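1. Make a model of this:
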Amino acid sequence: MGETDNNAGKTDMPGAPETLEIGLLLYPGAQLAAVYGLTDLFSVANRMAAERQAAKLPTLRVSHWARQDGTPDIRRVFDSQPTGASSPRIVILPPCLDARPEAHVIQPFAAWLGQCHQAGVTLGSVCAGAFLLAETGLLDGRTVTTHWGLAQALRERFPKVQVDADRMIVDDGDIITAGGLMAWTDLGLALVERLLGPTIASETARFLVIDLTRHSQRYFSSFAPRLDHGDEAVLRVQHWLQTHSTGAVPVAAMAAQAGMGERTFLRRFRAATGLKPTEYCQQLRVGKARELLELTNRGIEQVAWTVGHQDPGAFRKVFQKLVGLSPGDYRRRFGIGAPPL
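-> This next block holds a predicted model:
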């Protein structure tokens, strides 16, 4: 890891608070807004902690780490406290501005991260940073989260990793993962709570005007059906359903569109899309309902009828299950007249 000594995290002042270093890894494509945003967030947390002079709270030291030009070494390139020697207690992999970091780009960092973890460093990732973390093999058999739009790609590339993209944060002790691009705020506050306590985390969130109650990504995600599976008959049905999703569509009608028997269609459809036809249609209906709740003032019952649900109560249950919010709560949060978060 470099730059360590036996007094890491200590100071020369007797009785001085402990210093805990948090390292941010600047791998190629890393989102700099998240890097500098986390740096500022931990700085604010230090200020909030300093105002409570009676408490011997640790000081958070923030460092940035990157590969040096022409060398494989990963070294500290920024330090919020440049005096005194220490080593990171936590290393964070920020989001990636590319769709996802490619294997040949991130593999050189995997060995360093493995060494850090072996030395007792807690590792964290945000959004696509989970791909880099998974490259180490440390996520095998663990439950993690990432951006909802990258979940399937992460599962396919690392089949031993259990991906739960509904959750904003998955804290597994020595490894902590966060969801979407802006979930660096959630990860930062979770670490502040862990290191400085819930009061300082709450005060930091209040100062930065950050919602401290976000626990799920489900109500931010949208249904993105798989269309690149190569089964032309199933794809034809998928396109047909886009124009018939607001009514009850029997499986027999879908099978007829595909030109095959019902049992064969059910097997082929699930193999291609990962969903049963009924589940697929539910996703399409709920997607349309979300659009109506966001952009119109129609009543909940009218929205239910518009998307093909004759029973508004059943619609509410399906919507809550798939989105994580009731239709009314969803409208209050995301509707055109909703107050800003």
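
2. where are the low-confidence patches of the stretch 151-300 of the chain?
-> For the stretch 151-300 of the chain, the stretches with pLDDT under 70 are 212-222, 245-246.

3. Please, where are all the helices along it?
-> 151-157, 184-196, 198-208, 232-242, 251-258, 262-273, 277-295, 300-306 (DSSP state H, counting those that start in this stretch).

4. most tightly surrounded among those?
-> helix 184-196 (a mean of 23; mean count of other CB atoms under 10 Å). Where you see a C-beta, it was placed from the backbone N, CA and C, and this is true even at glycine.

5. Now stretch 92-99: buried residues?
-> By 16 or more other CB atoms under 10 Å, the buried positions in stretch 92-99 come out as 92-97.

6. hang on, isn't residue 128 packed against residue 94?
-> No - the criterion here is CB atoms under 8 Å, and residue 128 misses it with residue 94 at 9.1 Å.

7. thinking again about what came up before, I'd like the buried residues of stretch 92-99 as CSV, with secondary structure and pLDDT appended.
-> Output for those, formatted as CSV (DSSP: H, G, I helix; E, B strand; the rest coil; pLDDT from 0 to 100):
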residue, secondary structure, pLDDT
92, strand, 98
93, strand, 96
94, coil, 95
95, coil, 93
96, strand, 88
97, coil, 78
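
8. and residue 87, backbone torsions?
-> phi -140, psi 150 (degrees, to the nearest 10).

9. which stretch among the helices of the stretch 151-300 of the chain comes nearest residue 115?
-> helix 184-196 (21.0 Å; CB to CB).

10. List of residues touching that closest one?
-> Residues from elsewhere that reach helix 184-196, judged by CB atoms under 8 Å, 6 or more residues apart in numbering: 20, 22, 31, 34, 37-38, 41-42, 45, 48-49, 57-58, 60, 90, 92, 94-95, 124, 126-127, 168-169, 171, 176, 178-179, 200-201, 204-205, 208, 210, 212, 214.

11. Go through this structure and flag its longest strand.
-> For the chain, the longest strand by residue count, based on DSSP state E, is strand 59-67.

12. how far is that one from where the chain is centred?
-> Centroid separation between strand 59-67 and its chain, computed with CA atoms, centre = their mean, to the nearest Å, is 22 Å.

13. In terms of residue numbering, what are the domains of this structure?
-> What automatic domain parsing lists as the domains of the chain is 19-220, 232-334.

14. now residue 49: how far from residue 192?
-> 9 Å (CB to CB, to the nearest Å).

15. go on, residue 272?
-> 44 Å.

16. cool, residue 255 as well?
-> From residue 255 across to residue 192, the span is 54 Å (CB to CB).

17. just residue 226 next, same as before
-> 38 Å.

18. what does residue 327 give?
-> 34 Å.

19. Over to residue 241?
-> 46 Å.

20. picking that back up, which neighbours do residue 49 and residue 192 share?
-> With CB under 8 Å, 6+ apart, residue 49 and residue 192 have common neighbours residue 200.

21. Now for the residue nearest to the spatial centre of the chain: which residues touch it?
-> Per CA atoms, centre = their mean, the C-alpha nearest to the average position across the chain is that of residue 179, at 0.7 Å. By CB under 8 Å, 6+ apart, residue 179 lies in contact with 126-127, 145-148, 165, 167-169, 186, 217.

22. With that, I have no additional questions.
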